[in-house]
Structure formats: C-alpha cells, structure tokens
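Peer 1: Mind looking at a prediction? Sequence and model below.
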Amino acid sequence: MATSRINKPDTSADHELRNCIDTKQSFVMIAGAGSGKTTSLIKGLDYIRSRYGNQLRAKRQKIACVTYTTNAVDEIIGDVQGDSLFHVSTIHSFLWEIISPFQKDIKDWVKQRVREKIAKIQQAIQEYGPRVQQKTKDKDQAEFLRLEEVSRLIDSVNNFRYETGADYTKGIIGHADILRMVPELIQGKTLLKKIVIQKFPFLLIDESQDTAPNVVECFLSVDAQKQSDFCLGFFGDPMQKIYLTGIGKIPDRDNWKTIVKPENFRCASAVLELINLIRKPADQIEQTGGKMENVGGMLTPVVGSARLFILPANEERSTNVEKVRNFIAREEQDPAWRDDSGSDLKILVLEHRMAAKRLGFEQLHAAFKDGTPESIGSGFSEGNSWALSLFQKYILPLIEAQSIGKQSNVMTLLRAFSPILEKEYLQKHKISAEDLKVLDQTIKELVALFADPNISVAQILDLIETRRLAVLDERIAAKLRDEPLLIENAEAISRVLEKYFQCSVNQLLGYDKYIREESVYSTQHDVKGSEFKRVIVILDDEEGKRSTLYSYEKLLGLKPLSDTDTENISEGTESVLDRTRRLFYVCCSRAQKDLAVIWFVQDVDEALAVLKDSIFSDDQIIMEHKLG
Ligand SMILES: Nc1ncnc2c1ncn2[C@@H]1O[C@H](COP(=O)(O)OP(=O)(O)OP(=O)(O)O)[C@@H](O)[C@H]1O
C-alpha cells in the first residue's frame, strides 16, 4: 500500500528530480524547513523503483538512501513498504555495508590507527614539561602498554564488526572509526569507488547539511569516477545544520543540478511567518505557502498560532510550563495541549539533562554523560548503550508483561534471555519445577523492587545473575565482582559503571519512557526532520549554561555579545548567533499548527523591552500574570 508521502502532489522540483534520475545527473536539492525535501526523496525512490526496478533487480543492484537517524530510516523503510530493492540506512551502516567485505583493508587500517595512537602517546611522553603530574604520566604509561598489547593481539583478529565504542582486540570498530576509515579507504581506492557505483547506481542522501565534510567529499569522489550509470543526490538545508560536524552547504560542482523548493507545506501561517523572520537575517530566504487543510471540500490555509511566553527563571518553571499548556488548551479550545503521551505535543529542551530532570532520571544521566567519553555518552543519548540494553530489551519489558498479566510475553522473554531456558542447556539438563518457581518468584520480586526508590541498579543486576534470569554482559559482570576491565577506555567505563550501579533502579523507567519517545520531552537536536501539531520550545540559558555553543539571550538581544562573538562575526566565522539561530529555526519549524516559545529569563521586564518590534508582535507576547 502506498503511503501518504509517496502520494503527495508533484511540485516542479519533483519533475526536475525525475529528470536528474533519468539522465543520471547528480544533484543537490536545497530548500527550507517543511518544503517537502524528504517527501521528494521518497517520491524519487518510488519513481526509480517503478522505472528502473526490474533492471536493477536483474543486475542485483540496489537503490541506496542514507538518512540521519534510525527513526528516519524506519520511516522511509515504511514509505517504501520494506522493499528489499532499497538499502535505507544511517551513514554509519551504509559505510559499513560498503567496507565490511574488505576485512583485510579494515585490519590494515586498524593496525595503522593503533600505530598512530602509539606514536602520539610516545610524542606526548617525550614532550612532558616539568609540571606534568605523576598521575598523568601513569595514565599515559598504562595507555601506552595497553596499546602495545592491542597492537600485538590485533593480528589474531579475523573479523571486524562495529558498535558505538571501539574494542579492537575483540574485533569491534567504533562509530567514530567508521566515519574516518571508510571515506579514507574509498578516496584512496578506485576499486572501492567502482564497487559503490556498481552496487548502488542511485544514492540519495537526506539531511546532507549535517553530513560530515569528509563523507561528502568521499561520495563526490565516487561521482567524479562515474562513467554514466550513477546518480548521487543530496537533500538538505544549510540553515538546518545543527551539528558541529556537519558540512552545511554542499560545495558547488560543474554539471550538477541545483533543485530548489520555495514552498513550505508543513507550518500554519502564523508559524511560517515567524520562521521566515527567524531565518531572514541569515540568508534572506522566505518561504511561501504554508499548511493547507480541507474544509468542506475547499483547500484552506491553516492559520495556527505562534506565541512567546516570557517567564521568570525560577523554581516555578515546571508549574509555569503546565500553566502555559492549560492557557493554550483554553485559548485554542484544544485539550490535546494537556496530553502527556508525547504523540500530540512535544516540549523541546536544549539538553537531555533537562528532560532527565523532569522525567526522574537525572542521576542516571549524570552517570553516563558527565565527563564521560563520547562513545559512552552517545550510546546513552541514542538509547543503544550496551550497559543499559539488558534492561531495555528484557527486564523492563518483562516487568511490563508481568504487570499486565501477559504470561505468554513473560515466557517468550525468559526463553530468549534466561540461561536455564536456553536450548543447549535444556538438551543437557532437565528443568525442575523448583527452577521455574524461582524464576516466577524473581519476576514478582522485580516488579516490587522497581517501585522502590531505595533499590540500586547493582542490587537488581546481582539478583538477575544469581537467580539466573540472564547472563550479564561480561564488562558488567566483571565490574560487579570488582575485577579490572581489560578494554579500551577501561578507566572511564569503570567510573561510569560505578555510578550507574549506584543509581536508583527506578531511574531506568523514566529513561526508557524517554528513549521510546513516550514522553512529551525531546531535545531540540533530536526533533530534526520530524513534525508535530503542537510544539513548545523552551529557551533557558541558565538551565542550559553547560551548552556554551548556544545562547538564546544573545540571539534575542538580551545579553551582550562577548569579544570572541564579535570577532567571529566580523571575521565571518561561525558564531554563537549563527548556531543558535539555526537551532531555533529547526525547533520552531517543527510545528504544524500551534507553537509556543517559552523564554525563561532573570528579568522579565528587560526581556520584554528588548523584544519590542522584534520577530514577535506585541499581541503574541504573554507574561506570567496572564496565565491565570
Ligand atoms: N507536494 C506536497 N504537497 C502537500 N504537502 C506536502 C508536499 N510535500 C510535502 N508535504 C508535507 O509537508 C510536510 C513536510 O514535508 P517533509 O518532511 O518532506 O519536508 P522537509 O523539507 O524534509 O522538512 P525539514 O527539512 O523541515 O525536516 C509533511 O507533512 C509533508 O507531508
């Protein structure tokens, strides 16, 4: 069944896109928020299938589509009905798909990488100044010895795979390695370029503004190699670049087509007017159109609303957010503003920490994110940390199944995870009624323990292990037994696990809800590409003070620019204003109908004064006393 995105009406951009596909002309589709770039991409995929599908299948070729998040991947797979003609994936997984058959090249690269790391540490040791502390020296020495050991052991690794964090001796390449290694190998080897062209004659990349420059360069080098049968297309909006690692604008190329889309189909007119004003100082682009709805058979513009609430940055923040929701629910006669399920309304905060605080997993967040390596922190933020996966995939679903009396689900989970229900174990042992009773009893205990804030993660892990509910990850098991961890980043991981074990186990509940997108909260970065009927954007420089990259107070003129900011602006390098404007633009442009921006500030009157004659008109600005 075709989905609604495929069925959206064509615009002239869709015709231009098809022309590029037919003539194998590579292209960049560049357009603002809600202009239907992803929609055009999906329509393009469908067109390639209908026109060239049989041909491609006969040659065992696929149509590749790369997008930014696993959620977006799932949505696009849904749009193309899971057809195996398409290879829809994130960039990491796509690059891995290309390189994974070349295990020898991977091994050579890893060996070289380890040599580089050893050389770097040797150089640091040689250059120690008189003030270097013994602690640093010991740490460097330990890392040097570990790397030497890795270098020795790597020859015996025969197969590499990838995870978020690297562990070379176990054959694991990290996320960051993939982004570095594969483009390097592709750029350096004509054969690899030819393989990409042969396997994926159509390669479409969404959210290109946040694709790393070396990855873009590598695909451009593949394109430069082509004879005729290759069409590379980038879909993006430089104004929506919100990650520091993104390229922004795709460099101009001779013989490439640029396709523009001037309309916005997503946002109600009140929202569109605001996002045009936010964007204008950056690149002068103003979108036309706006969301339309069918009223009595007539296509009618949706007016919607955009409001700014200026509220004090005090202890009453949460209460005030609730008051805002009630206020809009009354004004718009729309009870969904009070809904907490996360499907009708999204509240966008700057950092995961802010969501963690509101959803009761601040301690867990701090354990994984405060001062930890990127490979650990990102796994936590993305919901795929190995340290938490047993809870996410097994224990929490088990508790839920038990709580709602779904015994069949309980049994399925037990069979998948409990070592005493494994096939191999059962072939050799007979499971006793007593064993089953213990399992049953343990699950009942778990339900009660999760409700108790005094129970720690370590206590639960211990219970899981001793009652043979599951086999623990070996890193977790080692740490529980206080054994040393013999892995990369051992010291940092050990610290994370220590703090994690001390967390109250019920913190996992809030975290799980957040990761499954069953809460109203999301970070401002994570909503990229999505849309919601109702959106609240929280601007709070005080609460977000760790994120020095952004300042809404500077953007809206409440706080003066620093010397560095002024310098950046005068030199034309990216400034805090550029970054904040882009993030603000992305957030506000998620709203289909109603948008509320809540600005928490120390001095509400001062904030009100600086906003006179700004992007918000007087009647859009609401102060605390009006909330009731
Ligand atoms: N041709 C069209 N006619 C009507 N509605 C459309 C059309 N194209 C897209 N839309 C609708 O507009 C909204 C935005 O589309 P889409 O998500 O593809 O835009 P985008 O440019 O990728 O957005 P962003 O860059 O902001 O993430 C969606 O609700 C989509 O269904």
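Peer 2: All right, it came through fine. Residues are numbered from 1 along each chain as shown.
Peer 1: Looking at the protein, what residue ends up closest to the ligand?
Peer 2: Gly36 (2.7 Å; Cβ to the nearest ligand atom). C-beta: built from backbone N, CA, C; applies to glycine.
Peer 1: looking at this structure, which helix or strand is least sure?
Peer 2: When each helix and strand of the chain is scored by mean pLDDT, DSSP states H and E, helix 423-428 comes last, with a mean of 78.
Peer 1: now what about that helix, what contacts it?
Peer 2: The list of residues contacting helix 423-428 from outside it, by Cβ atoms under 8 Å, 6 or more residues apart in numbering, reads 419-420.
Peer 1: same check, this time on stretch 123-143
Peer 2: Contacts of stretch 123-143 (Cβ under 8 Å, 6+ apart): 121, 144, 491.
Peer 1: residues from the stretch 201-350 of the chain in reach of the ligand?
Peer 2: For the stretch 201-350 of the chain, the contact set with the ligand under Cβ under 6 Å from any ligand atom comprises 237, 240, 265-266.
Peer 1: Gln240 touches Lys528, doesn't it?
Peer 2: Yes: the pair Gln240 / Lys528 is scored as a contact, 6.9 Å apart, by Cβ atoms under 8 Å.
Peer 1: buried residues in the helix ranked longest in the chain?
Peer 2: In the chain, assigned by DSSP state H, the helix with the most residues is helix 103-126. Of all the residues in helix 103-126, those buried under the rule 16 or more other Cβ atoms under 10 Å are 105-107, 109-111, 113-114, 117-118, 121.
Peer 1: so how far is that helix off the chain centroid?
Peer 2: Counting by Cα atoms, centre = their mean, to the nearest Å, helix 103-126 is centred 29 Å from the centre of its parent chain.
Peer 1: now stretch 207-214
Peer 2: For stretch 207-214 - counting by Cα atoms, centre = their mean - the centre lies 14 Å from the chain centre.
Peer 1: what does stretch 58-77 give?
Peer 2: Chain-centre distance of stretch 58-77: 17 Å, with Cα atoms, centre = their mean.
Peer 1: Nearest residue to Tyr521 in space, ignoring adjacent ones along the chain?
Peer 2: Leaving aside its sequence neighbours, Tyr521 sits nearest to Ala355 (Cβ to Cβ, 6 or more residues apart in numbering; 3.9 Å).
Peer 1: Next one: that neighbour from Val520, what distance?
Peer 2: 9 Å (Cβ to Cβ, to the nearest Å).
Peer 1: try Ala313
Peer 2: With distances taken as Cβ to Cβ, Ala313 is found 20 Å from Val520.
Peer 1: neighbour count winner among these two?
Peer 2: Counting neighbours by other Cβ atoms under 10 Å for Ala313 and for Val520 shows that Val520 has the greater number, 24 against 18.
Peer 1: near the ligand, which residues of the stretch 501-628 of the chain?
Peer 2: Listed as neighbours of the ligand in the stretch 501-628 of the chain under the rule Cβ under 6 Å from any ligand atom: 529, 531, 589.
Peer 1: Please repeat the previous calculation with a cut-off of 5 Å.
Peer 2: Proximity of the stretch 501-628 of the chain to the ligand, by Cβ under 5 Å from any ligand atom, involves residues Gly529.
Peer 1: ranges for the strands of the stretch 501-628 of the chain?
Peer 2: 521-523, 532-539, 591-601, 621-623 (DSSP state E, counting those that start in this stretch).
Peer 1: could you pull out the helices for the stretch 101-250 of the chain?
Peer 2: Ranges of helices in the stretch 101-250 of the chain, per DSSP state H, counting those that start in this stretch, are 103-126, 134-153, 175-188, 190-199, 213-225.
Peer 1: Could you pull up the mean pLDDT of the longest one?
Peer 2: Helix 103-126 shows a mean pLDDT of 94 in the predicted model.
Peer 1: can you check the last one too?
Peer 2: The average of the pLDDT scores along helix 213-225 is 95.
Peer 1: Same question for it: list its buried residues.
Peer 2: Using 16+ other Cβ under 10 Å as the test for burial, helix 213-225 gives 215-216, 218-223.
Peer 1: now the second one
Peer 2: For helix 134-153, the buried set under the neighbour-count rule, 16+ other Cβ under 10 Å, comprises 140, 143-144, 146-147, 150-151.
Peer 1: Low-confidence ranges, this structure, go.
Peer 2: Scanning the chain for pLDDT under 70 picks out 1-3.
Peer 1: how about a cut-off of 80?
Peer 2: The model of the chain has pLDDT under 80 over residues 1-4, 164-165, 228, 342-343, 375, 423-427, 429-430, 485-489, 546.
Peer 1: any idea which helix or strand carries Gly53?
Peer 2: If you go by DSSP states H and E, Gly53 is part of helix 37-58.
Peer 1: show me where the stretch 451-600 of the chain has helices.
Peer 2: 457-466, 474-480, 490-502, 507-515, 552-555, 563-571, 576-588.
Peer 1: Now render those helices as JSON lines, adding mean neighbour count.
Peer 2: What follows is the helices of the stretch 451-600 of the chain, written out as JSON lines (neighbours: other Cβ atoms under 10 Å):
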{"stretch": "helix 457-466", "mean neighbour count": "18"}
{"stretch": "helix 474-480", "mean neighbour count": "17"}
{"stretch": "helix 490-502", "mean neighbour count": "18"}
{"stretch": "helix 507-515", "mean neighbour count": "21"}
{"stretch": "helix 552-555", "mean neighbour count": "20"}
{"stretch": "helix 563-571", "mean neighbour count": "12"}
{"stretch": "helix 576-588", "mean neighbour count": "22"}
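Peer 1: Any chance of these in JSON lines with distance to Leu45 as columns?
Peer 2: Formatted as JSON lines, the helices of the stretch 451-600 of the chain follow (distance: least, Cβ to Cβ, whole Å):
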{"stretch": "helix 457-466", "distance to Leu45": "43"}
{"stretch": "helix 474-480", "distance to Leu45": "40"}
{"stretch": "helix 490-502", "distance to Leu45": "40"}
{"stretch": "helix 507-515", "distance to Leu45": "28"}
{"stretch": "helix 552-555", "distance to Leu45": "37"}
{"stretch": "helix 563-571", "distance to Leu45": "40"}
{"stretch": "helix 576-588", "distance to Leu45": "24"}
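Peer 1: any chance of the strands of the stretch 501-628 of the chain in TSV, with distance to Leu461 and mean neighbour count too?
Peer 2: Listed next are the strands of the stretch 501-628 of the chain as TSV, based on distance: least, Cβ to Cβ, whole Å; neighbours: other Cβ atoms under 10 Å:
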stretch	distance to Leu461	mean neighbour count
strand 521-523	27	21
strand 532-539	35	25
strand 591-601	38	25
strand 621-623	48	18
